[in-house]
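[1] sequence plus the predicted model coming up.
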Amino acid sequence: MSTVLILTVQFALSILLAALAAYLGIWLFERATKDIDEWEEIRQGNPAIGVTLAAMVIGLAIILRPAVAGALPSGGGRIAPDLGPSLYVFSVLLLMLVRALLGLVLGIAAILFAIWLFIRLTQELDEMAELRDGNMAVAAVLAGVIIAIAVLVSPAVIGITDGLLAVLFP
């Protein structure tokens, strides 16, 4: 019975995190590109803005995936002390929440840092102007940077969370 409850909460959390990743991805991109009206660009059919926004959403989803995928012991969850059924469910739900919050913080920081570093390393190129002009080559490279960072940061979320939880719950 506790597994059914955990799986139901896991499913609901997955939907919530997907919506949150979409919202936060777009919000982050809007903050990073203060001189671009993303929604007007999308209305005008600017594919470069669309690809970059999609990469932000996908990147955050990749980073948040371990928060839900590792909830049960068979999925990599590590909090499984002999607590009894009710506390076990609570501990698994706590693990999902901690991983989700930590994933959000680390994911946002990592993606913003990656964009900042990419812009600093390519000083001869005004990425934001190129995106506004619909340059798909710049959008593809920036999308690749965002997704690559997300893929590399995602396993770290599990490691950092497990380490933190091991200290909190020895």
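    Great, that's in hand.
[2] in stretch 130-149, which residues are buried?
    Across stretch 130-149, burial judged by 16 or more other Cβ atoms under 10 Å covers 130-132, 134-135, 138-139, 141-143, 145-147, 149. Any C-beta I mention is one placed from the backbone N, CA and C, and that applies to glycine too.
[3] could you export the residues you listed to TSV, including columns for distance to residue 97?
    Converted to TSV, those look like this (distance: Cβ to Cβ, whole Å):
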residue	distance to residue 97
130	39
131	35
132	38
134	40
135	40
138	37
139	34
141	35
142	31
143	30
145	29
146	25
147	25
149	24
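[4] quick one: low-confidence parts of the chain?
    1-2, 69-86, 165, 168-170 (pLDDT under 70).
[5] now do the strands in it.
    Counting by DSSP state E, one finds no strands in the chain.
[6] spatially central residue in it, please.
    By Cα atoms, centre = their mean, the chain has its centre lying nearest to residue 60, at 2.1 Å.
[7] thought it was touching residue 109?
    No. Judged on Cβ atoms under 8 Å, residue 60 makes no contact with residue 109 at a distance of 11.6 Å.
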